[in-house]
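Asks: below are the sequence and a predicted model; questions follow.
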Amino acid sequence: PSGDLFVTASGNRVLKVNPATGGETLVTQGNHLSMPTGIEFLNATNLVVASFSNSKIVKLSLVDGSQTVIASGGIYVDRPWGLAVSGDSIYSGQYDSKFINRISASAGTVTYIATAAGFPYGMGLDAAGNLLVGGAASTPGQTDVLMQFSPQGATLASFDVGLAPVAFVEKLSPVMRSGP
């Protein structure tokens with residue numbers, strides 16, 4: 001339904017929230033979800049969720065709440081956090097390695113495309129289809145960054161902007177309005 005919000009929540013849950021009333025409806029819980037973080041629309045009937053603690057990218061049906069693992073484990077799905085979706089491509093930022101990868105939603109293949117300058121928490125796409133990544137500082141003395149990558153992983157821009165990118169770009173990812 002148009003206008004509903006979908007959020008990840010404690011207790012390994014995904015909720016649908018009515019923004020007018022604040023009412024919450026459980027969409028799904030547990031199973032393949034362990035500390036769900038990033039959430040995006042895959043299409044009109046499915047969400048994709050980053051499951052941080054068990055290193056999985058999970059497709060979630062909005063029709064029946066069923067969960068299907070699209071990709072998991074290995075060096076390229078390593079405690080995923082941020083997500084962005086463009087067509088069949090799911091972009092995922094990995095907390096430990098700082099890798100950015102592209103995952104085929106239909107085939108489950110994982111392709112490394114870039115390494116972020118910080119922990120890749122928030123992700124989104126600009127109007128041209130380029131990937132925006134808010135990276136939190138990962139070493140002492142480092143500041144937060146906002147990075148722009150082409151869909152193939154070429155670095156187009158990188159801005160040292162203190163604490164701004166995580167706060168800004170995270171607003172794009174963990175709460176999603178209805179409609180892909």
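Replies: Nice, I can see it.
Asks: hey, let's count contacts and neighbours off CA atoms from now on
Replies: Fine.
Asks: point out where this structure drops to low pLDDT.
Replies: 1-2, 139-142, 161-180 (pLDDT under 70).
Asks: if we go to 80?
Replies: When residues are selected by pLDDT under 80, those of the chain lie in 1-3, 75, 137-144, 160-180.
Asks: what sits closest to residue 129 if chain neighbours are left out?
Replies: residue 151 (7.0 Å; CA to CA, 6 or more residues apart in numbering).
Asks: my read is that the one you found contacts residue 126, right?
Replies: No: here residue 151 does not reach residue 126: they are 10.9 Å apart, not a contact under CA atoms under 8 Å.
Asks: who's more crowded, those two?
Replies: Neighbours were counted for residue 151 and for residue 126 using other CA atoms under 10 Å; residue 151 has more, 19 against 9.
Asks: where's that one relative to residue 58, distance?
Replies: 21 Å (CA to CA, to the nearest Å).
Asks: swap in residue 69?
Replies: Using CA to CA, one obtains 4 Å as the distance from residue 69 to residue 58.
Asks: quick one: the residue nearest to residue 129 is in a strand?
Replies: No: applying DSSP: H, G, I helix; E, B strand; the rest coil, one finds residue 151 to be coil, outside a strand.
Asks: helix or strand: which one has the residue nearest to the spatial centre of the chain?
Replies: Centroid check for the chain by CA atoms, centre = their mean gives residue 83 as the closest residue, at 1.9 Å. If you go by DSSP states H and E, residue 83 is part of strand 80-86.
Asks: figure out how far that strand is from the centre of its chain.
Replies: 3 Å (CA atoms, centre = their mean, to the nearest Å).
Asks: just give the strands next to that strand in its sheet, each with its orientation.
Replies: Paired neighbours of strand 80-86 in the sheet (DSSP bridges): strand 89-94 (antiparallel).
Asks: helices along this structure, start to end?
Replies: 164-170 (DSSP state H).
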